[in-house]
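J.: attaching a predicted model along with its sequence, questions to come.
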Amino acid sequence: MRILISNDDGAFNSALWAMVEVVKDLGDVIVSAPDRDRSGVGSGLTLNDPLRAKSITSPVSGVDAWAVEGTPGDAVILGLKQLSKGPVDLVLCGMNPGNNVGADLTVSGTIGAGLQGYLNGVATAAISVGLRVDAESPIIGAAVHDLAESMLNHVASGGPKPFVNVNFPKIDDGPYLGAMLAKPSKRIPGASDTVETQTRGVRTIYWIQRPPSALNEASASEPGTDVWAMRNSWVSLTPLDGGLAETSPHEFAHQGVDVLHRSVTIHPGQQTDQAAG
């Protein structure tokens, strides 16, 4: 089995390498990620300019790694089509520090990277955690490992290839209650974009500001959504494959939730200890 790992925070981000560590026993792992932080670029691709990819030294033995001068989607496509030594069975994107929920999915580079994997015919999971330090959590590491293993087994058995978005709430918010299937929360009217300006000489500079979906109090009160799950200590899994390809394999979503639920609830005492200290 071969696993391609990418992200939107850059090839040198420690949370990416934490994910490499927890899945490296499942097969051959290759990293192809942007050479810098490309958060917020969504599913954008570089179509009118050439791309460069540089081999970098991997902190994990036996893993080939590349830093791509482009978007997260560029990195995944290059990884699949040029940089990998053979066909890829699974694409993992993350671990992204900061949850990707609600309307944030439309601009997330983590989701954008995963979309390119899925549209190129590969089972894909986008993984996000509450904080960067959470990527080092043994609880989350075990759950990501179990999910990746389940996806590989699902594909090996001939099952259709899924695309799922998984969010782990902050570890220090308390022990996980389990895992649940969740839909993206809706963008609440009034939570609109704003633009900040600053004049420097004869030029005006603009910054677009978008309130994170995770902070929207109205959406947090809607049960069954990814924001509600995050606020209530549930790991959420959201299938993103509906309508994007010829088959929409939602059946894996339930299997994936079961795997995550078992993984994060098997040692509740360990969760309590970690959250406390």
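T.: Structure's in. What do you need?

J.: the closest residue to T110 other than its chain neighbours and G79, how far apart?
T.: Leaving aside its chain neighbours, T110 sits nearest to N96 (4.3 Å; criterion: C-beta to C-beta, 6 or more residues apart in numbering). For every residue, glycine as well, the C-beta is placed using N, CA and C. Distance, N96 to G79, using C-beta to C-beta, to the nearest Å: 17 Å.

J.: give the pairing partners of the host helix or strand of L4; include direction for each.
T.: Taking DSSP states H and E as the criterion, L4 maps to strand 2-6. Its sheet considered, strand 2-6 pairs with strand 28-34 (parallel), strand 90-97 (parallel) by DSSP bridges.

J.: okay, those strands, which one's buried deepest?
T.: strand 90-97 (a mean of 28; mean count of other C-beta atoms under 10 Å).

J.: for the helix or strand just after that strand, name the packing helices and strands.
T.: Of the helices and strands lying after strand 90-97 in sequence (DSSP H and E), the nearest is helix 109-119. Here helix 109-119 touches strand 2-6, helix 72-78, strand 90-97, strand 123-129, strand 163-168, going by 3 or more C-beta pairs under 8 Å, 6 or more residues apart in numbering; DSSP states H and E.

J.: export helix 109-119 to CSV, keeping only CA atoms.
T.: Taking Å, rounded to 0.1, in the frame of the first residue of the first chain, the C-alpha atoms of helix 109-119 are listed here in CSV:
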residue,chain,number,x,y,z
GLY,A,109,-6.4,24.4,1.5
THR,A,110,-6.5,21.2,3.5
ILE,A,111,-9.9,20.4,1.9
GLY,A,112,-8.7,21.7,-1.5
ALA,A,113,-5.7,19.3,-1.4
GLY,A,114,-8.0,16.4,-0.5
LEU,A,115,-10.4,17.3,-3.3
GLN,A,116,-7.7,16.9,-5.9
GLY,A,117,-6.8,13.5,-4.5
TYR,A,118,-10.4,12.4,-4.6
LEU,A,119,-11.1,13.7,-8.1
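
J.: who's in contact with that helix?
T.: 4, 6-8, 34, 38-45, 71-73, 75-77, 80, 88, 91, 93-94, 96, 100, 105, 124-128, 161, 163, 165, 240-241, 244-245 (C-beta atoms under 8 Å, 6 or more residues apart in numbering).
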